[in-house]
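Chemist: Return a 3D structure for these sequence lines:
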Amino acid sequence: MEIMNISGINVAMKGMTKAEILKEFAELALLNGKVSSAEGFYGDLWLREEESTTGFGGGIAIPHAKSAFVTEVGVLVGRGANEVAWEALDDQPVHCWICLLVPETGGQEHLRLLSQLSRKLMDPDFVAKLKSGSEQEILTLVQGVIS
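Modeler: Predicted coordinates for the structure are as follows:
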């Protein structure tokens, strides 16, 4: 089981709204064999957003959900040219996302990934590479945090 691979990175996200971005991630998760239903996973991502924002700040959000539709733990990364309103902690729009996929029973893995990535997002060099790197650079960067 590989948590992340190059096909789970999209540096050309097209969404203009939070809903469109979450749908793109749900479809990307399905294409990567991480979920049994894109629609079901999208619903769980949306429910999580309604609880409280996943907008980290600095143009980055970490949408995530523990979901019955997730078949294996995964990390997807997206970046887009559009600045998307996300109700981030700093009230700034978002254009870079790290999406965490965790099975409904994977509470500890969910917290581990969220904690590791949140800490690393405090590092300006990590954030700069995430926002400007190629897919391969992003893969190497994020794998170094979650492994």
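
Chemist: which ones are touching G33?
Modeler: G33 is in contact with 71-72, counting by Cβ atoms under 8 Å, 6 or more residues apart in numbering. No exception for glycine: its C-beta is placed from N, CA and C like everyone else's.

Chemist: pLDDT at it, what is it?
Modeler: Per-residue confidence (pLDDT) for G33: 95.

Chemist: Skipping adjacent residues, who's closest to A65 in space?
Modeler: D44 (4.1 Å; Cβ to Cβ, 6 or more residues apart in numbering).

Chemist: Buried by neighbour count: which residues of the helix or strand hosting the one you found qualify?
Modeler: Under the criterion of DSSP states H and E, D44 resides in helix 38-51. For helix 38-51, burial by neighbour count (16 or more other Cβ atoms under 10 Å) applies to 38, 40-46, 48-49.

Chemist: what's in contact with the next helix-or-strand element following that helix?
Modeler: Using DSSP H and E, the next helix or strand after helix 38-51 towards the C-terminus is strand 55-57. Residues outside strand 55-57 that contact it (Cβ under 8 Å, 6+ apart): 61-62, 86-90, 92, 94, 118, 121.

Chemist: Looking at these, which is nearest V102?
Modeler: Using Cβ to Cβ, I62 comes nearest to V102 of these, at 12.1 Å.

Chemist: what packs against the helix or strand of the chain with the lowest mean pLDDT?
Modeler: Ranking every helix and strand in the chain by mean pLDDT, DSSP states H and E puts helix 107-120 at the bottom, with a mean of 82. On a contact count with 3 or more Cβ pairs under 8 Å, 6 or more residues apart in numbering; DSSP states H and E, helix 107-120 meets strand 64-67, strand 94-103, helix 135-146.

Chemist: which of those is buried the deepest?
Modeler: Mean neighbours per residue, mean count of other Cβ atoms under 10 Å, is largest over the helices and strands packed on helix 107-120 for strand 94-103, with a mean of 25.

Chemist: ok now that strand, how far from the chain's centre?
Modeler: 1 Å (Cα atoms, centre = their mean, to the nearest Å).

Chemist: now stretch 138-147
Modeler: Between the centre of stretch 138-147 and the centre of its chain there are 13 Å (Cα atoms, centre = their mean).

Chemist: So what touches that stretch?
Modeler: 3-6, 9, 11, 75, 77, 98, 113, 116-117, 120, 126, 129-130, 133.
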